[in-house]
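Novice: Just need the structure, nothing else, for what follows:
(4 chains)
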Protein chains: 2
Amino acid sequence: MGARRLHTVGEVATLAGVTVRTLHYYDRVGLLVPSGRSEGGYRLYAYGDLERLREIRLLRELGFSLAAIGRLLDVAAHDKRSALKAQRDLLVERLERTERIIRGVDRALNATEEGQEMDETEMFEGLEEFDHKRYEAEVEQRWGDSEAYKESKRRTSRYGKADWARIKKEGDAVVRRLAELLARGVRADDREAMDLAEEHRRHIDRWFYPCSPGMHRQVAALYTADTRFEAYFEKHGAGLAGFFQAAIRANEVRSTG
Amino acid sequence: MGARRLHTVGEVATLAGVTVRTLHYYDRVGLLVPSGRSEGGYRLYAYGDLERLREIRLLRELGFSLAAIGRLLDVAAHDKRSALKAQRDLLVERLERTERIIRGVDRALNATEEGQEMDETEMFEGLEEFDHKRYEAEVEQRWGDSEAYKESKRRTSRYGKADWARIKKEGDAVVRRLAELLARGVRADDREAMDLAEEHRRHIDRWFYPCSPGMHRQVAALYTADTRFEAYFEKHGAGLAGFFQAAIRANEVRSTG
DNA sequence: CCTTGACCCTGACGCGACGTTAGGCCCTAC
DNA sequence: GTAGGGCCTAACGTCGCGTCAGGGTCAAGG
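Specialist: Sure, this is the predicted structure:
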(Lines give C-alpha, C1' and ligand atoms only; values in the text may rest on other atoms or scores of the structure.)
Protein backbone atom coordinates (compact mmCIF):
# COMPACT_ATOMS: atom_id res chain seq x y z
CA MET A 1 0.00 0.00 0.00
CA GLY A 2 1.02 3.57 -0.56
CA ALA A 3 3.13 2.55 -3.53
CA ARG A 4 1.63 5.38 -5.51
CA ARG A 5 3.42 8.59 -6.24
CA LEU A 6 4.11 11.10 -3.53
CA HIS A 7 2.51 14.51 -3.93
CA THR A 8 3.70 18.06 -3.28
CA VAL A 9 1.61 20.58 -1.37
CA GLY A 10 0.29 22.23 -4.48
CA GLU A 11 -0.89 18.97 -5.95
CA VAL A 12 -2.62 17.96 -2.75
CA ALA A 13 -4.17 21.39 -2.48
CA THR A 14 -5.79 21.22 -5.93
CA LEU A 15 -6.81 17.61 -5.39
CA ALA A 16 -8.57 18.33 -2.13
CA GLY A 17 -9.80 21.82 -2.89
CA VAL A 18 -7.92 23.58 -0.12
CA THR A 19 -5.18 26.18 -0.20
CA VAL A 20 -1.48 25.56 0.29
CA ARG A 21 -1.60 27.76 3.35
CA THR A 22 -4.16 25.47 4.92
CA LEU A 23 -1.86 22.48 4.48
CA HIS A 24 1.04 24.46 5.98
CA TYR A 25 -1.15 25.27 8.93
CA TYR A 26 -2.31 21.68 9.43
CA ASP A 27 1.33 20.67 9.38
CA ARG A 28 2.38 23.24 11.95
CA VAL A 29 -0.35 22.35 14.41
CA GLY A 30 0.40 18.66 13.93
CA LEU A 31 -2.96 17.76 12.48
CA LEU A 32 -1.63 16.53 9.15
CA VAL A 33 2.13 16.12 9.06
CA PRO A 34 3.24 14.92 5.59
CA SER A 35 4.88 11.54 5.83
CA GLY A 36 7.99 12.73 4.02
CA ARG A 37 10.17 15.61 2.94
CA SER A 38 12.26 15.97 -0.19
CA GLU A 39 15.97 16.72 -0.02
CA GLY A 40 15.26 20.39 -0.54
CA GLY A 41 12.70 20.46 2.23
CA TYR A 42 9.55 20.10 0.13
CA ARG A 43 6.60 18.45 1.87
CA LEU A 44 5.73 15.06 0.37
CA TYR A 45 2.28 13.54 0.93
CA ALA A 46 1.58 9.82 0.60
CA TYR A 47 -1.75 8.13 -0.05
CA GLY A 48 -2.51 7.71 3.63
CA ASP A 49 -2.05 11.44 4.13
CA LEU A 50 -4.72 12.07 1.52
CA GLU A 51 -7.12 9.75 3.31
CA ARG A 52 -6.51 11.57 6.55
CA LEU A 53 -7.00 14.90 4.81
CA ARG A 54 -10.33 13.77 3.45
CA GLU A 55 -11.51 12.88 6.93
CA ILE A 56 -10.26 16.17 8.26
CA ARG A 57 -12.14 18.12 5.61
CA LEU A 58 -15.29 16.12 6.20
CA LEU A 59 -15.27 16.73 9.92
CA ARG A 60 -14.46 20.39 9.36
CA GLU A 61 -17.46 20.66 7.06
CA LEU A 62 -19.50 19.25 9.91
CA GLY A 63 -18.24 22.06 12.12
CA PHE A 64 -15.70 20.40 14.38
CA SER A 65 -12.68 22.36 15.58
CA LEU A 66 -9.25 21.25 14.43
CA ALA A 67 -8.39 20.24 18.00
CA ALA A 68 -11.42 17.98 18.24
CA ILE A 69 -10.67 16.47 14.85
CA GLY A 70 -7.15 15.66 15.97
CA ARG A 71 -8.43 13.80 19.02
CA LEU A 72 -11.10 11.96 17.05
CA LEU A 73 -8.68 10.76 14.41
CA ASP A 74 -6.15 9.70 17.01
CA VAL A 75 -8.66 7.66 18.94
CA ALA A 76 -10.00 6.04 15.80
CA ALA A 77 -6.59 5.58 14.16
CA HIS A 78 -6.61 1.80 14.57
CA ASP A 79 -9.94 1.23 12.88
CA LYS A 80 -10.64 3.00 9.59
CA ARG A 81 -13.94 1.26 9.07
CA SER A 82 -15.61 2.30 12.29
CA ALA A 83 -14.28 5.81 11.80
CA LEU A 84 -15.95 6.00 8.41
CA LYS A 85 -19.14 4.60 9.87
CA ALA A 86 -19.12 7.19 12.61
CA GLN A 87 -18.64 9.90 10.02
CA ARG A 88 -21.58 8.52 8.11
CA ASP A 89 -23.73 8.71 11.22
CA LEU A 90 -22.76 12.33 11.73
CA LEU A 91 -23.66 13.16 8.15
CA VAL A 92 -27.04 11.53 8.53
CA GLU A 93 -27.59 13.58 11.66
CA ARG A 94 -26.85 16.70 9.70
CA LEU A 95 -29.26 15.59 7.02
CA GLU A 96 -31.98 15.33 9.62
CA ARG A 97 -31.03 18.63 11.17
CA THR A 98 -31.25 20.35 7.80
CA GLU A 99 -34.65 18.81 7.23
CA ARG A 100 -35.84 20.12 10.60
CA ILE A 101 -34.68 23.61 9.70
CA ILE A 102 -36.46 23.42 6.35
CA ARG A 103 -39.66 22.51 8.14
CA GLY A 104 -39.10 25.54 10.35
CA VAL A 105 -38.75 27.80 7.33
CA ASP A 106 -41.90 26.28 5.89
CA ARG A 107 -43.78 27.12 9.06
CA ALA A 108 -42.50 30.68 8.83
CA LEU A 109 -43.67 30.82 5.22
CA ASN A 110 -47.10 29.63 6.22
CA ALA A 111 -47.26 32.19 8.98
CA THR A 112 -46.48 35.12 6.68
CA GLU A 113 -48.94 33.76 4.16
CA GLU A 114 -51.73 33.95 6.69
CA GLY A 115 -50.45 37.27 7.94
CA GLN A 116 -49.84 35.88 11.38
CA GLU A 117 -46.82 36.18 13.63
CA MET A 118 -44.93 33.13 14.74
CA ASP A 119 -44.47 32.22 18.36
CA GLU A 120 -41.15 33.61 19.55
CA THR A 121 -40.10 30.45 21.31
CA GLU A 122 -41.03 28.38 18.29
CA MET A 123 -39.14 30.63 15.94
CA PHE A 124 -35.69 29.24 16.55
CA GLU A 125 -36.60 25.58 16.55
CA GLY A 126 -33.98 23.40 14.94
CA LEU A 127 -31.50 26.24 15.09
CA GLU A 128 -31.64 26.72 18.81
CA GLU A 129 -30.51 23.70 20.68
CA PHE A 130 -27.11 23.20 19.19
CA ASP A 131 -24.54 23.42 21.98
CA HIS A 132 -21.35 22.80 20.09
CA LYS A 133 -19.13 22.10 23.07
CA ARG A 134 -21.45 19.49 24.50
CA TYR A 135 -21.87 17.96 21.09
CA GLU A 136 -18.15 17.64 20.49
CA ALA A 137 -17.66 16.01 23.88
CA GLU A 138 -20.46 13.55 23.29
CA VAL A 139 -19.22 12.59 19.87
CA GLU A 140 -15.74 12.03 21.21
CA GLN A 141 -17.05 9.62 23.80
CA ARG A 142 -19.17 7.77 21.32
CA TRP A 143 -16.29 7.65 18.90
CA GLY A 144 -13.90 6.34 21.52
CA ASP A 145 -16.04 3.36 22.35
CA SER A 146 -19.65 3.24 21.46
CA GLU A 147 -20.45 0.25 23.67
CA ALA A 148 -19.00 1.92 26.73
CA TYR A 149 -20.89 5.05 25.85
CA LYS A 150 -24.23 3.29 25.64
CA GLU A 151 -23.65 1.40 28.86
CA SER A 152 -22.74 4.63 30.59
CA LYS A 153 -25.92 6.27 29.36
CA ARG A 154 -27.98 3.33 30.59
CA ARG A 155 -26.56 3.44 34.07
CA THR A 156 -26.30 7.16 34.68
CA SER A 157 -29.87 7.74 33.59
CA ARG A 158 -30.97 5.95 36.74
CA TYR A 159 -28.93 8.00 39.21
CA GLY A 160 -30.55 10.63 41.38
CA LYS A 161 -29.14 13.87 42.72
CA ALA A 162 -27.81 12.25 45.87
CA ASP A 163 -26.03 9.58 43.84
CA TRP A 164 -24.36 12.21 41.71
CA ALA A 165 -23.13 14.10 44.74
CA ARG A 166 -21.62 10.96 46.23
CA ILE A 167 -20.01 9.93 42.96
CA LYS A 168 -18.52 13.34 42.41
CA LYS A 169 -17.14 13.41 45.95
CA GLU A 170 -15.56 10.02 45.45
CA GLY A 171 -13.94 11.09 42.20
CA ASP A 172 -12.70 14.37 43.60
CA ALA A 173 -11.14 12.58 46.55
CA VAL A 174 -8.98 10.49 44.23
CA VAL A 175 -7.76 13.56 42.41
CA ARG A 176 -7.00 15.33 45.68
CA ARG A 177 -5.00 12.42 47.06
CA LEU A 178 -3.21 12.14 43.75
CA ALA A 179 -2.24 15.81 43.97
CA GLU A 180 -0.82 15.16 47.43
CA LEU A 181 1.36 12.36 46.08
CA LEU A 182 2.64 14.62 43.33
CA ALA A 183 3.38 17.36 45.88
CA ARG A 184 5.32 14.88 48.01
CA GLY A 185 7.45 14.00 45.03
CA VAL A 186 6.20 10.44 44.70
CA ARG A 187 6.87 8.90 41.27
CA ALA A 188 4.05 7.85 38.96
CA ASP A 189 5.17 4.20 38.93
CA ASP A 190 5.31 4.07 42.71
CA ARG A 191 2.85 1.67 44.36
CA GLU A 192 0.91 4.46 46.03
CA ALA A 193 0.28 6.17 42.71
CA MET A 194 -0.65 2.96 40.96
CA ASP A 195 -3.07 2.10 43.76
CA LEU A 196 -4.81 5.40 43.33
CA ALA A 197 -5.03 4.85 39.58
CA GLU A 198 -6.57 1.47 40.25
CA GLU A 199 -9.04 3.07 42.63
CA HIS A 200 -10.03 5.51 39.92
CA ARG A 201 -10.49 2.68 37.45
CA ARG A 202 -12.84 0.88 39.83
CA HIS A 203 -14.70 4.12 40.37
CA ILE A 204 -15.45 4.31 36.66
CA ASP A 205 -16.09 0.60 36.42
CA ARG A 206 -18.61 0.74 39.22
CA TRP A 207 -20.53 3.87 38.39
CA PHE A 208 -20.28 4.29 34.65
CA TYR A 209 -19.25 1.39 32.45
CA PRO A 210 -17.08 -1.74 32.50
CA CYS A 211 -13.54 -0.43 32.43
CA SER A 212 -10.52 -2.67 31.97
CA PRO A 213 -7.02 -1.32 32.63
CA GLY A 214 -6.49 -1.03 28.87
CA MET A 215 -9.72 0.88 28.40
CA HIS A 216 -8.73 3.01 31.36
CA ARG A 217 -5.56 4.07 29.57
CA GLN A 218 -7.49 5.00 26.44
CA VAL A 219 -9.95 7.05 28.41
CA ALA A 220 -7.12 8.78 30.23
CA ALA A 221 -5.49 9.63 26.91
CA LEU A 222 -8.73 11.18 25.77
CA TYR A 223 -9.06 13.17 28.93
CA THR A 224 -5.57 14.57 29.07
CA ALA A 225 -5.75 15.52 25.40
CA ASP A 226 -8.81 17.56 26.19
CA THR A 227 -7.98 21.08 27.29
CA ARG A 228 -11.02 21.29 29.52
CA PHE A 229 -9.99 18.26 31.52
CA GLU A 230 -6.42 19.39 31.55
CA ALA A 231 -7.48 22.69 33.05
CA TYR A 232 -9.41 20.82 35.73
CA PHE A 233 -6.40 18.76 36.69
CA GLU A 234 -3.91 21.57 36.51
CA LYS A 235 -5.99 23.54 38.96
CA HIS A 236 -5.25 20.87 41.56
CA GLY A 237 -1.53 20.94 40.86
CA ALA A 238 0.88 21.73 38.03
CA GLY A 239 1.66 18.67 35.95
CA LEU A 240 -1.09 16.61 37.57
CA ALA A 241 -2.72 15.63 34.28
CA GLY A 242 0.46 14.04 32.95
CA PHE A 243 1.22 12.44 36.32
CA PHE A 244 -2.23 10.88 36.38
CA GLN A 245 -1.85 9.48 32.90
CA ALA A 246 1.55 8.00 33.76
CA ALA A 247 0.17 6.39 36.93
CA ILE A 248 -2.65 4.80 34.96
CA ARG A 249 -0.24 3.43 32.43
CA ALA A 250 1.98 2.01 35.18
CA ASN A 251 -1.06 0.43 36.79
CA GLU A 252 -2.01 -1.16 33.50
CA VAL A 253 1.45 -2.70 33.14
CA ARG A 254 1.30 -4.01 36.71
CA SER A 255 -2.11 -5.61 36.39
CA THR A 256 -1.69 -7.11 32.95
CA GLY A 257 1.86 -8.26 33.70
CA MET B 1 -47.44 44.17 14.66
CA GLY B 2 -44.61 44.17 17.14
CA ALA B 3 -47.04 44.84 19.97
CA ARG B 4 -45.43 42.07 21.98
CA ARG B 5 -43.04 42.67 24.79
CA LEU B 6 -39.57 43.99 24.15
CA HIS B 7 -36.68 41.73 25.15
CA THR B 8 -33.31 42.36 26.76
CA VAL B 9 -30.10 40.88 25.34
CA GLY B 10 -30.06 38.01 27.77
CA GLU B 11 -33.57 36.96 26.90
CA VAL B 12 -32.90 37.10 23.19
CA ALA B 13 -29.69 35.18 23.70
CA THR B 14 -31.39 32.26 25.43
CA LEU B 15 -34.30 32.34 22.99
CA ALA B 16 -32.05 32.13 19.96
CA GLY B 17 -29.29 30.00 21.43
CA VAL B 18 -26.51 32.53 20.99
CA THR B 19 -24.35 34.36 23.52
CA VAL B 20 -24.81 37.92 24.69
CA ARG B 21 -21.44 38.75 23.24
CA THR B 22 -22.63 37.70 19.80
CA LEU B 23 -25.54 40.12 20.00
CA HIS B 24 -23.22 42.90 21.16
CA TYR B 25 -21.04 42.16 18.18
CA TYR B 26 -23.91 42.13 15.69
CA ASP B 27 -24.96 45.46 17.10
CA ARG B 28 -21.53 47.03 16.76
CA VAL B 29 -21.05 45.95 13.16
CA GLY B 30 -24.56 47.12 12.32
CA LEU B 31 -25.91 43.72 11.37
CA LEU B 32 -28.60 43.62 14.03
CA VAL B 33 -29.15 46.93 15.80
CA PRO B 34 -31.87 46.57 18.46
CA SER B 35 -34.81 48.78 17.64
CA GLY B 36 -34.74 50.43 21.04
CA ARG B 37 -32.77 51.28 24.17
CA SER B 38 -34.03 51.61 27.72
CA GLU B 39 -33.46 54.75 29.75
CA GLY B 40 -30.47 53.14 31.37
CA GLY B 41 -28.96 52.18 28.05
CA TYR B 42 -30.15 48.57 27.92
CA ARG B 43 -30.65 47.12 24.43
CA LEU B 44 -34.31 46.36 23.69
CA TYR B 45 -35.26 43.93 20.92
CA ALA B 46 -38.66 43.91 19.22
CA TYR B 47 -40.33 41.06 17.37
CA GLY B 48 -38.93 42.15 14.01
CA ASP B 49 -35.43 42.01 15.46
CA LEU B 50 -36.01 38.39 16.39
CA GLU B 51 -37.12 37.57 12.86
CA ARG B 52 -34.02 39.19 11.49
CA LEU B 53 -31.87 37.30 13.99
CA ARG B 54 -33.38 34.02 12.90
CA GLU B 55 -32.48 34.73 9.29
CA ILE B 56 -28.99 35.75 10.30
CA ARG B 57 -28.45 32.54 12.24
CA LEU B 58 -29.81 30.46 9.41
CA LEU B 59 -27.52 32.03 6.85
CA ARG B 60 -24.58 31.75 9.23
CA GLU B 61 -25.29 28.05 9.63
CA LEU B 62 -25.12 27.83 5.87
CA GLY B 63 -21.65 29.35 5.99
CA PHE B 64 -22.16 32.93 4.83
CA SER B 65 -20.02 35.71 6.23
CA LEU B 66 -21.67 38.43 8.28
CA ALA B 67 -20.90 40.97 5.57
CA ALA B 68 -22.64 38.86 2.94
CA ILE B 69 -25.61 38.32 5.23
CA GLY B 70 -25.93 42.03 5.76
CA ARG B 71 -26.05 42.66 2.02
CA LEU B 72 -28.49 39.83 1.41
CA LEU B 73 -30.91 40.97 4.07
CA ASP B 74 -30.71 44.57 2.88
CA VAL B 75 -31.43 43.65 -0.70
CA ALA B 76 -34.33 41.41 0.31
CA ALA B 77 -35.66 43.70 3.01
CA HIS B 78 -38.77 44.65 1.07
CA ASP B 79 -39.94 41.10 0.48
CA LYS B 80 -39.92 38.68 3.40
CA ARG B 81 -41.55 35.92 1.44
CA SER B 82 -39.04 35.69 -1.38
CA ALA B 83 -36.24 35.91 1.17
CA LEU B 84 -37.63 32.91 3.01
CA LYS B 85 -38.05 31.05 -0.25
CA ALA B 86 -34.47 31.76 -1.23
CA GLN B 87 -33.35 30.46 2.17
CA ARG B 88 -35.34 27.33 1.58
CA ASP B 89 -33.62 26.80 -1.73
CA LEU B 90 -30.23 27.12 -0.08
CA LEU B 91 -31.20 24.59 2.57
CA VAL B 92 -32.33 22.13 -0.07
CA GLU B 93 -29.00 22.61 -1.82
CA ARG B 94 -27.24 21.73 1.39
CA LEU B 95 -29.41 18.69 1.78
CA GLU B 96 -28.31 17.49 -1.62
CA ARG B 97 -24.70 18.30 -0.91
CA THR B 98 -24.81 16.28 2.29
CA GLU B 99 -26.33 13.38 0.41
CA ARG B 100 -23.52 13.53 -2.14
CA ILE B 101 -20.94 13.41 0.64
CA ILE B 102 -22.67 10.45 2.23
CA ARG B 103 -22.49 8.60 -1.06
CA GLY B 104 -18.77 9.42 -1.14
CA VAL B 105 -18.29 7.95 2.32
CA ASP B 106 -20.22 4.87 1.24
CA ARG B 107 -17.88 4.43 -1.70
CA ALA B 108 -14.92 4.69 0.67
CA LEU B 109 -16.52 2.07 2.92
CA ASN B 110 -16.96 -0.26 -0.01
CA ALA B 111 -13.37 0.25 -1.06
CA THR B 112 -11.95 -0.65 2.37
CA GLU B 113 -14.29 -3.61 2.52
CA GLU B 114 -12.78 -5.02 -0.62
CA GLY B 115 -9.34 -4.07 0.53
CA GLN B 116 -8.88 -1.71 -2.39
CA GLU B 117 -7.62 1.81 -2.52
CA MET B 118 -9.78 4.59 -3.83
CA ASP B 119 -8.81 6.73 -6.74
CA GLU B 120 -7.15 9.87 -5.46
CA THR B 121 -9.07 12.20 -7.69
CA GLU B 122 -12.32 10.52 -6.75
CA MET B 123 -11.59 10.70 -3.08
CA PHE B 124 -12.61 14.30 -2.53
CA GLU B 125 -15.77 14.28 -4.60
CA GLY B 126 -18.55 16.31 -3.12
CA LEU B 127 -16.12 18.00 -0.79
CA GLU B 128 -13.89 19.44 -3.43
CA GLU B 129 -15.66 21.87 -5.63
CA PHE B 130 -16.91 24.34 -3.06
CA ASP B 131 -15.48 27.77 -3.83
CA HIS B 132 -17.05 29.85 -1.14
CA LYS B 133 -16.28 33.26 -2.59
CA ARG B 134 -17.79 32.39 -5.95
CA TYR B 135 -20.77 30.88 -4.22
CA GLU B 136 -21.46 33.94 -2.12
CA ALA B 137 -21.22 36.19 -5.15
CA GLU B 138 -23.57 34.01 -7.14
CA VAL B 139 -26.13 33.82 -4.38
CA GLU B 140 -26.04 37.55 -3.94
CA GLN B 141 -26.80 38.05 -7.60
CA ARG B 142 -29.59 35.53 -7.56
CA TRP B 143 -30.96 37.04 -4.40
CA GLY B 144 -30.75 40.59 -5.72
CA ASP B 145 -32.79 39.90 -8.78
CA SER B 146 -33.35 36.39 -9.91
CA GLU B 147 -34.75 37.39 -13.30
CA ALA B 148 -31.67 39.41 -14.15
CA TYR B 149 -29.52 36.55 -12.97
CA LYS B 150 -31.22 34.01 -15.18
CA GLU B 151 -31.11 36.28 -18.19
CA SER B 152 -27.41 36.87 -17.61
CA LYS B 153 -26.76 33.14 -17.45
CA ARG B 154 -28.71 32.60 -20.66
CA ARG B 155 -26.73 35.17 -22.57
CA THR B 156 -23.24 34.62 -21.27
CA SER B 157 -23.43 30.89 -21.86
CA ARG B 158 -23.36 31.58 -25.58
CA TYR B 159 -20.24 33.80 -25.58
CA GLY B 160 -16.92 32.47 -26.85
CA LYS B 161 -13.43 33.36 -25.78
CA ALA B 162 -13.13 36.17 -28.31
CA ASP B 163 -16.40 37.68 -27.10
CA TRP B 164 -15.21 37.67 -23.53
CA ALA B 165 -11.96 39.39 -24.45
CA ARG B 166 -13.82 42.13 -26.27
CA ILE B 167 -16.34 42.59 -23.48
CA LYS B 168 -13.65 42.80 -20.85
CA LYS B 169 -11.70 45.35 -22.91
CA GLU B 170 -14.81 47.46 -23.30
CA GLY B 171 -15.48 47.37 -19.56
CA ASP B 172 -11.93 48.15 -18.62
CA ALA B 173 -11.88 51.11 -20.98
CA VAL B 174 -14.79 52.70 -19.13
CA VAL B 175 -13.05 52.30 -15.81
CA ARG B 176 -9.82 53.73 -17.20
CA ARG B 177 -11.54 56.80 -18.64
CA LEU B 178 -13.41 57.22 -15.38
CA ALA B 179 -10.11 57.19 -13.49
CA GLU B 180 -8.84 59.93 -15.81
CA LEU B 181 -11.85 62.08 -15.00
CA LEU B 182 -11.29 61.59 -11.31
CA ALA B 183 -7.60 62.49 -11.71
CA ARG B 184 -8.56 65.66 -13.59
CA GLY B 185 -10.76 66.65 -10.67
CA VAL B 186 -14.04 66.38 -12.57
CA ARG B 187 -17.09 66.08 -10.33
CA ALA B 188 -19.27 62.97 -10.29
CA ASP B 189 -22.37 64.92 -11.37
CA ASP B 190 -20.52 66.51 -14.28
CA ARG B 191 -21.83 65.56 -17.72
CA GLU B 192 -18.65 63.73 -18.66
CA ALA B 193 -18.92 61.47 -15.64
CA MET B 194 -22.62 60.82 -16.13
CA ASP B 195 -22.01 59.97 -19.78
CA LEU B 196 -19.46 57.39 -18.77
CA ALA B 197 -21.86 55.92 -16.24
CA GLU B 198 -24.47 55.71 -18.96
CA GLU B 199 -21.97 54.00 -21.22
CA HIS B 200 -21.32 51.44 -18.50
CA ARG B 201 -25.03 50.84 -18.06
CA ARG B 202 -25.44 50.15 -21.77
CA HIS B 203 -22.46 47.86 -21.62
CA ILE B 204 -24.25 45.73 -19.04
CA ASP B 205 -27.57 46.05 -20.79
CA ARG B 206 -26.10 44.87 -24.05
CA TRP B 207 -23.92 42.01 -22.89
CA PHE B 208 -25.47 40.71 -19.72
CA TYR B 209 -29.05 41.56 -18.83
CA PRO B 210 -31.63 44.34 -19.25
CA CYS B 211 -30.41 47.09 -16.99
CA SER B 212 -32.46 50.18 -16.24
CA PRO B 213 -30.82 53.18 -14.53
CA GLY B 214 -32.49 52.13 -11.25
CA MET B 215 -31.22 48.60 -11.53
CA HIS B 216 -27.83 50.03 -12.42
CA ARG B 217 -27.74 51.89 -9.13
CA GLN B 218 -28.63 48.75 -7.19
CA VAL B 219 -25.95 46.76 -8.90
CA ALA B 220 -23.40 49.49 -8.24
CA ALA B 221 -24.34 49.47 -4.56
CA LEU B 222 -23.77 45.76 -4.46
CA TYR B 223 -20.43 46.12 -6.17
CA THR B 224 -19.01 48.89 -4.06
CA ALA B 225 -20.10 47.11 -0.89
CA ASP B 226 -18.03 44.16 -1.98
CA THR B 227 -14.40 44.43 -0.92
CA ARG B 228 -13.18 42.53 -3.96
CA PHE B 229 -14.73 45.00 -6.36
CA GLU B 230 -13.62 47.89 -4.26
CA ALA B 231 -10.04 46.64 -4.42
CA TYR B 232 -10.33 46.40 -8.20
CA PHE B 233 -11.49 49.99 -8.48
CA GLU B 234 -9.09 51.41 -5.96
CA LYS B 235 -6.22 49.94 -7.94
CA HIS B 236 -7.14 52.28 -10.77
CA GLY B 237 -7.31 55.30 -8.51
CA ALA B 238 -7.98 56.16 -4.87
CA GLY B 239 -11.66 56.88 -4.27
CA LEU B 240 -12.68 55.59 -7.68
CA ALA B 241 -15.26 53.16 -6.31
CA GLY B 242 -17.19 55.91 -4.55
CA PHE B 243 -16.81 58.26 -7.50
CA PHE B 244 -18.23 55.61 -9.82
CA GLN B 245 -21.21 55.02 -7.58
CA ALA B 246 -21.91 58.74 -7.35
CA ALA B 247 -21.70 59.13 -11.12
CA ILE B 248 -24.18 56.30 -11.60
CA ARG B 249 -26.59 57.86 -9.16
CA ALA B 250 -26.29 61.25 -10.90
CA ASN B 251 -26.93 59.58 -14.23
CA GLU B 252 -30.02 57.93 -12.84
CA VAL B 253 -31.39 61.24 -11.64
CA ARG B 254 -30.67 62.81 -15.03
CA SER B 255 -32.35 60.10 -17.06
CA THR B 256 -35.41 59.59 -14.88
CA GLY B 257 -35.85 63.26 -14.29
C1' DC C 1 25.84 24.29 -17.89
C1' DC C 2 23.11 28.05 -17.12
C1' DT C 3 18.96 30.41 -17.01
C1' DT C 4 14.14 30.96 -16.50
C1' DG C 5 9.78 30.46 -14.52
C1' DA C 6 6.82 27.80 -11.77
C1' DC C 7 6.70 25.97 -7.36
C1' DC C 8 8.22 25.53 -2.56
C1' DC C 9 10.09 27.20 2.06
C1' DT C 10 9.75 29.91 6.58
C1' DG C 11 8.44 33.89 9.10
C1' DA C 12 5.28 37.45 10.28
C1' DC C 13 1.38 40.33 10.21
C1' DG C 14 -3.82 40.79 9.35
C1' DC C 15 -8.63 39.50 9.82
C1' DG C 16 -13.39 37.76 10.87
C1' DA C 17 -16.29 36.32 14.47
C1' DC C 18 -16.57 35.91 18.32
C1' DG C 19 -14.74 34.34 23.91
C1' DT C 20 -13.21 36.26 27.98
C1' DT C 21 -12.04 39.12 31.64
C1' DA C 22 -12.24 43.86 33.93
C1' DG C 23 -14.46 47.70 35.95
C1' DG C 24 -18.64 49.87 36.63
C1' DC C 25 -23.85 51.13 36.22
C1' DC C 26 -28.96 49.47 36.48
C1' DC C 27 -32.75 47.48 38.72
C1' DT C 28 -35.76 44.52 41.10
C1' DA C 29 -36.45 42.22 45.65
C1' DC C 30 -36.12 41.72 50.13
C1' DG D 1 -30.88 50.51 51.29
C1' DT D 2 -28.32 46.95 50.09
C1' DA D 3 -27.58 42.62 47.83
C1' DG D 4 -27.17 40.18 43.68
C1' DG D 5 -28.23 39.34 39.14
C1' DG D 6 -28.17 41.45 34.65
C1' DC D 7 -26.54 45.06 31.74
C1' DC D 8 -22.95 48.40 29.84
C1' DT D 9 -18.33 49.57 27.29
C1' DA D 10 -13.49 48.76 26.54
C1' DA D 11 -9.91 45.88 25.51
C1' DC D 12 -7.28 41.95 24.84
C1' DG D 13 -7.13 36.74 23.40
C1' DT D 14 -8.16 32.87 20.11
C1' DC D 15 -8.87 30.01 15.95
C1' DG D 16 -8.29 29.12 11.24
C1' DC D 17 -6.66 30.57 8.06
C1' DG D 18 -5.31 34.86 3.98
C1' DT D 19 -1.67 37.49 2.44
C1' DC D 20 2.67 39.39 1.66
C1' DA D 21 7.96 39.39 1.98
C1' DG D 22 12.38 37.42 1.15
C1' DG D 23 14.59 33.60 -0.45
C1' DG D 24 15.65 28.51 -1.89
C1' DT D 25 14.27 24.36 -5.31
C1' DC D 26 13.44 22.02 -9.47
C1' DA D 27 12.40 20.50 -14.27
C1' DA D 28 12.69 22.32 -19.00
C1' DG D 29 14.74 24.49 -22.61
C1' DG D 30 18.50 27.12 -24.89
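Novice: Pull up the gap between A:Ser82 and DNA strand C, please.
Specialist: A:Ser82 is 31 Å from DNA strand C, where distance means Cβ to the nearest atom of the strand, to the nearest Å. From N, CA and C alone the C-beta is placed, and that goes for glycine too.
Novice: Also A:Glu122?
Specialist: Going from A:Glu122 to DNA strand C by Cβ to the nearest atom of the strand gives 23 Å.
Novice: contacting residues for that residue?
Specialist: A:Arg107 (Cβ atoms under 8 Å, 6 or more residues apart in numbering or on different chains).
Novice: now it, what's its secondary structure?
Specialist: Using DSSP: H, G, I helix; E, B strand; the rest coil, the secondary structure recorded for A:Glu122 is helix.
Novice: pLDDT wise, what is it at?
Specialist: A:Glu122 is assigned a pLDDT of 73 by the prediction.
Novice: Check A:Glu128 too.
Specialist: So A:Glu128 comes in at 55 (pLDDT).
Novice: Now do the contacts for A:Tyr45.
Specialist: Taking Cβ under 8 Å, 6+ apart, one finds A:Leu6, A:His7, A:Thr8, A:Val9, A:Glu11, A:Val12, A:Pro34, A:Ser35, A:Gly36, A:Leu53 in contact with A:Tyr45.
Novice: swap the cut-off to 6 Å and go again
Specialist: Going by Cβ atoms under 6 Å, 6 or more residues apart in numbering or on different chains, A:Tyr45 touches A:His7, A:Val12, A:Pro34.
Novice: Can you say which helix or strand has the second one in it?
Specialist: A:Val12 belongs to helix A:9-16 when assigned by DSSP states H and E.
Novice: is the helix or strand just after that helix anywhere near chain B?
Specialist: Where DSSP H and E defines the elements, the next helix or strand beyond helix A:9-16 is helix A:20-28. No: applying Cβ under 6 Å from any Cβ of the partner chain, one finds helix A:20-28 separated from chain B by no less than 12.8 Å.
Novice: tell me the mean pLDDT for helix A:20-28?
Specialist: Average pLDDT, helix A:20-28: 97.
Novice: Need the contacts of A:Tyr45 in TSV (columns: distance to B:Val18 and pLDDT).
Specialist: Output for these, formatted as TSV (distance: Cβ to Cβ, whole Å; pLDDT from 0 to 100):
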residue	distance to B:Val18	pLDDT
A:His7	41	96
A:Val12	36	96
A:Pro34	38	97
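Novice: ok, of the residues you listed, which one's closest to chain B?
Specialist: Minimum distance to chain B across those is 8.2 Å, recorded for A:His7 (Cβ to the nearest Cβ).
Novice: which residues touch that closest one?
Specialist: A:Tyr45.
Novice: what's the spacing between it and B:Glu180?
Specialist: As judged by Cβ to Cβ, to the nearest Å, A:His7 and B:Glu180 stand 48 Å apart.
Novice: same check, this time on A:Ile56
Specialist: A:Ile56 is 50 Å from B:Glu180, by Cβ to Cβ.
Novice: quick one, which of the two is more surrounded?
Specialist: The residue with more neighbours, out of A:Ile56 and B:Glu180, is A:Ile56; 22 against 14, by other Cβ atoms under 10 Å in any protein chain shown.
Novice: could you pull out the helices for chain A?
Specialist: Per DSSP state H, chain A carries helices over the ranges A:9-16, A:20-28, A:47-61, A:66-75, A:80-113, A:120-123, A:132-144, A:146-156, A:161-184, A:191-207, A:213-225, A:227-236, A:240-256.
Novice: Please name the nearest non-neighbouring residue to A:Ala246.
Specialist: Leaving aside its sequence neighbours, A:Ala246 sits nearest to A:Ala188 (Cβ to Cβ, 6 or more residues apart in numbering or on different chains; 3.5 Å).
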